[in-house]
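*Asks:* What would the 3D arrangement of this be:
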Amino acid sequence: MTVTCFWLEETGTVTVGLRRYRNGPSDCPLPGAGYHEAIVMTGTVPMLWSAEPPDADHWFSGRDGRHGVPDYKWPGDDDPRWPAACACGEPFTDDDPRQEWAEVLYRRDGTGELLTLRDAPDGAMWDAWWMPCKGPDGKSLMAKCPGGHEWAIDDRANNCTMPDDTAHRCWVRHGEPPLITVDKDGLTCNAGAGSIQTANYHGFLRAGAFT
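*Replies:* Numbers count the residues shown, from 1 in each chain. You can find the predicted model right below:
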């Protein structure tokens, strides 16, 4: 199996929506569902980025950094667009929480397709600039491995043998993203052989492709 990588570029916009969910144990029958939930997307709006968001409403922290839509007028609780039921069909009750939802939109290089990181397919690669570990080009590369695991390429490996050393890289990358090769050819530790292992994938990133 080979999965070719592609680049995601920030668009400066977020897709906003309305989320309902149910706290506590769930009997949702959908595969992978930990609880009842549903999200209805309602539009796209300009966003603001901030490493340290101000003490204000409508700032969101997640795997795509801290972003805000402070000028967006969110619907009230009586808006008919709030989801009435989980994706499995289980109706929500008045006690089930309502949550404003926002996800950064990225543009896929080559196709122009707009994607959130949650919906991006395997092979997606992007600059997680909000993360502290940087590569030689100043980027903090993330890639979605086959099977959906997000790999922080410039971060520490779980089995790093030099945890107190900040100069080395557990994974050494070469080339320009997304056409990169990751190996142990450079200042590195003794962790692994340059591969990435997740719960459902083990392989290498070579010339911009997972093998």
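
*Asks:* Within the sheet, what are the partner strands of the helix or strand bottoming out on mean pLDDT in the chain, with directions?
*Replies:* Using mean pLDDT, DSSP states H and E, strand 59-62 stands out as the lowest-scoring helix or strand of the chain, at a mean of 72. Within its sheet, and counting by DSSP bridges, strand 59-62 is paired with strand 65-68 (antiparallel).

*Asks:* Quick one: list the elements packing against the helix or strand just after the partner strand.
*Replies:* Beyond strand 65-68 on the C-terminal side, the first helix or strand identified by DSSP states H and E is strand 98-108. Other elements packing on strand 98-108 under the criterion 3 or more CB pairs under 8 Å, 6 or more residues apart in numbering; DSSP states H and E are strand 6-21, strand 37-46, strand 65-68, strand 114-115. The way it works is simple: take the backbone N, C-alpha and C, and place the C-beta from them, glycine included.

*Asks:* Adding distance to Trp59 and mean pLDDT, write those out as TSV.
*Replies:* Below are these laid out as TSV (distance: least, CB to CB, whole Å; pLDDT from 0 to 100):
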stretch	distance to Trp59	mean pLDDT
strand 6-21	11	94
strand 37-46	14	92
strand 65-68	4	77
strand 114-115	22	96
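
*Asks:* For the nearest residue to Trp130 once chain neighbours are set aside, give its distance to Arg107.
*Replies:* Using CB to CB, 6 or more residues apart in numbering and skipping residues adjacent in sequence, the residue nearest Trp130 is Gly65, 3.8 Å away. From Gly65 over to Arg107 the distance is 16 Å, taken as CB to CB, to the nearest Å.

*Asks:* Extract the residue ranges of this structure that are flagged as low pLDDT.
*Replies:* By pLDDT under 70, the weakly predicted segments of the chain are 32, 51-57, 62.
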